[in-house]
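Enquirer: mind looking at a prediction? Sequence and model below.
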Amino acid sequence: MDRTPGERVVTGDSSPVTDTGKALVGRSQRFELDDRVPVSISVSVPVTAPTGTDSSRDPADSCERRVRSFPIQWADSTGLEIAGYGVAARITADGPDRFDRVRHQAGELFDRLEYDGPATARPRVFGGFAFHDDRTSDPTWEGFDSAAFVLPAVQVVRTGEDENWVTVLASDDEAAVDRLERWAEWLQTAPEDAPTSSADHGPGVEDTSRTTTPAEWTAQLEAALERIDDGDLRKVVLAQALTATLEQSLDLGQTLERLRSAYPTCYRFAIGGERESGTFFGAPPERLVFKRGETVETEALAGSGPRGETPAEDERHADRMLADDKLRREHDLVVEAICGQLEPFVDSLSIDDRRVRRLANIQHLRTPISGTLTEDRHVLELAEALHPTPAVGGVPPDLAWETIRDTESFDRGWYAGPVGWFDGDGDGEFAVGLRSGVASDDQVTLFAGNGIVADSDPEAEWEEVQLKFRPILEALR
Ligand SMILES: C=C(O[C@@H]1C=C(C(=O)O)C=C[C@H]1O)C(=O)O
């Protein structure tokens, strides 16, 4: 693997490998950006960008390079948007202790990083975990380890208060200052070429193919229902995959903008696999965990129903969902499990009222859950304890896991795994990688699933799964 001088590639069990042995130095600067230009577009247009975007080049090199790879993207419902360019370091891990290994390696990395700037713009690593803990051989997920995080060489942040910051990393102070100047200048001028809103159509879908036919789905559900009737399995989430072949090549910046306009209260993310592999992206509604200082926040999001044609019909569906026995059982299993998973970490837990979360395509039952940590914890410890919640796995977890493995005919890869970021203090946020797809040149493979409990009806479950494909499918059409 060729490496940028100063880049640390940290993989598996190895200690950080450095070319120069130097520390990484981070510098940041505020800049003005026309607020009509979304960050996801302003930094994703294939215009000439300053160096440091290409990990095979010396970031201190002053010649300009085209932006080849799509940057890392993260956005949450507070208006925080982050784009990351280039790789200052990459951390990967496989196997059952992957959370620990990532935490340990990131700790070493952050220890060597000197950052002098505001907390808003602090360096973060971005990435996620596959649903299962072993490495997949499925070609759809080529380039995706079962855990992978990137420390971007350049991080552009737009805060919820519309402040813009750029943070660069380099192997010494002089290089950092020089790079920062070039990036700040470029960011203030380049977005003028950028489109200011999402396109009114996506790349177009030529064809779709499914992993699971309706008949296979019914057979899978019946087998799962038998396991529920016969034994200790109480809930399992079963999923399907659908591959869309595109008419034109995908513009991920525009696709994320389309997802923003349709799902403004959801997360948005995009993260590439290693080298020339695909990009995993999506607009998940579900928070796995947010941790800042001693505060931890999560939620149970489980139990779904359709949107109505009118506000009154919407309300009727919502009322029915709140009163429905099967949905309540399914939802309560998730609340109970999350509380059990968090209890060892917190002094007190607060469970808010159950409510309905209304999205453009679907409604979900939602219960916010928060707590105060008994001692300092890393967000990865909490993510590990919570993943997978029974909103995407099942109850009890080991039987659900086994049922998913035995039943699904495709590899989930990073679908339904934790995706997000963390910083040097172990604060961070992870969404559940839902309403998502993995994009390669001319195709996107989408994933969606639903919780199955006793009384689940295969046909109704099929319909709900189709609703969950819609966010990405519609963004592509
Ligand atoms: C599994 C998915 O969604 C999850 C399952 C839900 C359900 O069973 O009702 C609802 C929200 C999500 O927690 C998905 O979007 O693929």
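Expert: Yes, it's here.
Enquirer: where's residue 255, which helix or strand?
Expert: helix 252-262 (DSSP states H and E).
Enquirer: is any part of that helix close to the ligand?
Expert: No. For helix 252-262, no contact with the ligand is found by Cβ under 6 Å from any ligand atom; the gap never falls below 13.9 Å. Every residue, glycine included, has its C-beta placed from N, CA and C.
Enquirer: quick one, strands of the stretch 301-450 of the chain?
Expert: 346-351, 355-358, 363-373, 394-395, 418-423, 428-432, 436-439, 443-452 (DSSP state E, counting those that start in this stretch).
Enquirer: what's the most buried one of these?
Expert: strand 436-439 (a mean of 28; mean count of other Cβ atoms under 10 Å).
Enquirer: check the stretch 51-200 of the chain for the residue nearest the ligand and tell me.
Expert: Residue nearest to the ligand within the stretch 51-200 of the chain: residue 131 (10.5 Å; Cβ to the nearest ligand atom).
Enquirer: residue 358 versus the nearest residue in space to that residue that is not next to it in sequence, what's the distance?
Expert: Distances taken as Cβ to Cβ, 6 or more residues apart in numbering place residue 412 nearest to residue 131, at 4.0 Å, with adjacent residues excluded. Distance, residue 412 to residue 358, using Cβ to Cβ, to the nearest Å: 27 Å.
Enquirer: again, but for residue 313
Expert: 12 Å.
Enquirer: same question, residue 366
Expert: 10 Å.
Enquirer: which positions in the stretch 351-477 of the chain make contact with the ligand?
Expert: Within the stretch 351-477 of the chain, the positions near the ligand by Cβ under 6 Å from any ligand atom are 364, 391, 392, 434, 435, 448, 449, 450, 451, 468.
Enquirer: can you do 5 Å?
Expert: Residues of the stretch 351-477 of the chain lying near the ligand by Cβ under 5 Å from any ligand atom: 391, 434, 448, 449, 450, 451, 468.
Enquirer: one more: the stretch 201-350 of the chain?
Expert: 301, 302, 303, 304.
Enquirer: least confident secondary structure element in the protein?
Expert: Lowest by mean pLDDT, DSSP states H and E among the helices and strands of the chain is strand 65-66, with a mean of 34.
Enquirer: now the helices for this structure?
Expert: 39-42, 98-111, 173-189, 214-230, 252-262, 311-323, 325-342, 379-386, 397-407, 458-476 (DSSP state H).
Enquirer: isn't residue 131 right next to residue 418, touching?
Expert: No. Look at residue 131 against residue 418 with Cβ atoms under 8 Å: they stay out of range, at 9.3 Å.
Enquirer: burial of residue 398, as a residue count?
Expert: 11 (other Cβ atoms under 10 Å).
Enquirer: and residue 256, by the same measure?
Expert: 26.
Enquirer: per-residue pLDDT of the residue of the stretch 101-250 of the chain found nearest the ligand, please?
Expert: Nearest residue of the stretch 101-250 of the chain to the ligand (Cβ to the nearest ligand atom) works out as residue 237 at 5.2 Å. Residue 237 is assigned 98 on the pLDDT scale.
Enquirer: over to residue 173?
Expert: At residue 173, pLDDT is 89.
Enquirer: who are the contact partners of it?
Expert: Going by Cβ atoms under 8 Å, 6 or more residues apart in numbering, residue 173 touches 25, 27.
Enquirer: circling back to that earlier point, what helices and strands are in contact with the helix holding residue 255?
Expert: Using 3 or more Cβ pairs under 8 Å, 6 or more residues apart in numbering; DSSP states H and E as the contact test, the elements touching helix 252-262 are helix 39-42, strand 72-75, strand 268-272, strand 279-282, helix 458-476.
Enquirer: dump the ones you listed into JSON lines; add mean neighbour count and distance to residue 120 as well.
Expert: As requested, these are exported to JSON lines (neighbours: other Cβ atoms under 10 Å; distance: least, Cβ to Cβ, whole Å):
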{"stretch": "helix 39-42", "mean neighbour count": "25", "distance to residue 120": "14"}
{"stretch": "strand 72-75", "mean neighbour count": "25", "distance to residue 120": "14"}
{"stretch": "strand 268-272", "mean neighbour count": "25", "distance to residue 120": "19"}
{"stretch": "strand 279-282", "mean neighbour count": "27", "distance to residue 120": "24"}
{"stretch": "helix 458-476", "mean neighbour count": "19", "distance to residue 120": "29"}
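Enquirer: JSON lines for these, including distance to residue 127?
Expert: Below are these laid out as JSON lines (distance: least, Cβ to Cβ, whole Å):
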{"stretch": "helix 39-42", "distance to residue 127": "18"}
{"stretch": "strand 72-75", "distance to residue 127": "8"}
{"stretch": "strand 268-272", "distance to residue 127": "6"}
{"stretch": "strand 279-282", "distance to residue 127": "10"}
{"stretch": "helix 458-476", "distance to residue 127": "20"}
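Enquirer: quick one: closest of these to residue 328.
Expert: Closest of the helices and strands packed on helix 252-262 to residue 328 is helix 458-476, at 16.1 Å (criterion: Cβ to Cβ).
Enquirer: what mean pLDDT does that closest one have?
Expert: Across helix 458-476, pLDDT averages out at 96.
Enquirer: check the offset of stretch 457-466 from the chain's centre.
Expert: 25 Å (Cα atoms, centre = their mean, to the nearest Å).
Enquirer: could you do stretch 417-436 as well?
Expert: Per Cα atoms, centre = their mean, the centroid offset for stretch 417-436 relative to its chain is 6 Å.
Enquirer: tell me, what residue is most central in this structure?
Expert: What sits nearest the mean C-alpha location of the chain, by Cα atoms, centre = their mean, is residue 419, with 3.3 Å.
Enquirer: pretty sure that residue is touching residue 430, no?
Expert: Yes. At 6.4 Å, residue 419 counts as touching residue 430 under the criterion of Cβ under 8 Å.
Enquirer: what do those two both touch?
Expert: residue 128.
Enquirer: ok so, going back, among the helices and strands packed on helix 252-262, which is nearest residue 184?
Expert: Each of the helices and strands packed on helix 252-262 has some distance to residue 184 by Cβ to Cβ; the shortest is helix 39-42, at 13.1 Å.
Enquirer: could you give the average pLDDT over that closest one?
Expert: Across helix 39-42, the per-residue pLDDT values average to 53.
Enquirer: map the structural domains onto the sequence of this protein.
Expert: Domain assignment for the chain by automatic domain parsing gives 8-193, 205-476.
Enquirer: so which bits of stretch 138-151 are buried?
Expert: Residues 140, 141, 142, 143, 144, 145, 146, 147, 148, 149, 150, 151 are the ones in stretch 138-151 that count as buried (16 or more other Cβ atoms under 10 Å).
Enquirer: can I get these in TSV including pLDDT?
Expert: Output for those, formatted as TSV (pLDDT from 0 to 100):
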residue	pLDDT
140	93
141	94
142	92
143	91
144	93
145	93
146	95
147	96
148	95
149	96
150	94
151	95
